[in-house]
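S.K.: Return atomic coordinates for the entry below.
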Amino acid sequence: MELNSTVATPLYQQLENILRSEIERGERAAGTRIPTENELSEQYNVSRVTVRKALARLSELGYLERKTGKGTFVAEKKLQRGISAGAVSFTELCKLIGAIPGAKTTKIALEDPSAKDIELMNLKPDEKILVLERIRYADSKPVVLESNRFPEMFSFLFSENLNDQSLYEILKTKYNIFLEHSSKEIDIIFAPPKEARSLEIAKGYPLLRIDSVVHDSENTLTILCQQLCIGDKFKLII
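M.R.: Residues are numbered from 1 along each chain as shown. Got it, this is the predicted structure:
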């Protein structure tokens, strides 16, 4: 596609629109190197200043990322987490960016609750908790370690296949449980060896830790959830 200098739209914006359309259509896949400024300048018969403005704009919008000494590449899509009172499932986040969600159960067991569990979940004396741990995937790549702590009444989850399934969807459609409200605490940690292996990253890689206290629509049930997210795979929206 050629640029048109006779129309009102600036040349850098025309080039920006062309490259953005190619990325959105999948013609330039994530991780693909973008031609150099010189190459794009020759291809579209425009100045390097015009090319530089187009690339800068696409970088600001999150379509491109520049790597020092290596060039400019199509950025990977990031899962956008809204920091609000609403509870949004990982599956829904993936669908919003066109990624295929996945899950692998690594642990499901009944355990004794901690003092914090008892307080936050308002547990009865001698009541156990159900602990569910899963690795969450986006387009077959591990991006989140998820640990959920439920009251013992959720033991029905032992009979469910939770691999590559939306937990929230199962709770809604099969058990009429709607998780709708949550409060969150967020900080940054550095991946310990075990977590790094599960997420296929280097030890010490930055992880976004999100601790959530989740309630159902009637505020009668409380679930505790911790997610360890690969830091550069997520964008938080406030």
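S.K.: host element of the nearest residue in space to Ile34 that is not next to it in sequence?
M.R.: Setting aside the residues directly before and after it, Ile34 is nearest to Thr72 in space (C-beta to C-beta, 6 or more residues apart in numbering), at 4.4 Å. Where C-beta positions appear, they are placed from N, C-alpha and C, glycine not excepted. Per DSSP states H and E: Thr72 is located in strand 71-74.
S.K.: Can you name every helix or strand that that strand contacts?
M.R.: If you count contacts as 3 or more C-beta pairs under 8 Å, 6 or more residues apart in numbering; DSSP states H and E, strand 71-74 packs onto strand 64-67.
S.K.: what residue ranges in the chain are flagged as low confidence?
M.R.: 1, 77-88, 96-97, 234-238 (pLDDT under 70).
S.K.: what do you get if the cut-off is 80, keeping everything else the same?
M.R.: 1-2, 24, 61-62, 76-99, 231-238 (pLDDT under 80).
S.K.: Which residue ranges of it form strands?
M.R.: Along the chain, counting by DSSP state E, strands occupy 64-67, 71-74, 79-82, 101-111, 129-138, 141-151, 179-190, 206-216, 222-230, 234-237.
S.K.: and these as JSON lines, adding distance to Asn163?
M.R.: Listed next are the strands of the chain as JSON lines, based on distance: least, C-beta to C-beta, whole Å:
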{"stretch": "strand 64-67", "distance to Asn163": "32"}
{"stretch": "strand 71-74", "distance to Asn163": "30"}
{"stretch": "strand 79-82", "distance to Asn163": "20"}
{"stretch": "strand 101-111", "distance to Asn163": "6"}
{"stretch": "strand 129-138", "distance to Asn163": "8"}
{"stretch": "strand 141-151", "distance to Asn163": "13"}
{"stretch": "strand 179-190", "distance to Asn163": "20"}
{"stretch": "strand 206-216", "distance to Asn163": "21"}
{"stretch": "strand 222-230", "distance to Asn163": "18"}
{"stretch": "strand 234-237", "distance to Asn163": "22"}
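S.K.: closest to Ala29 out of these?
M.R.: Of all these, it is strand 71-74 that lies closest to Ala29, at 6.4 Å by C-beta to C-beta.
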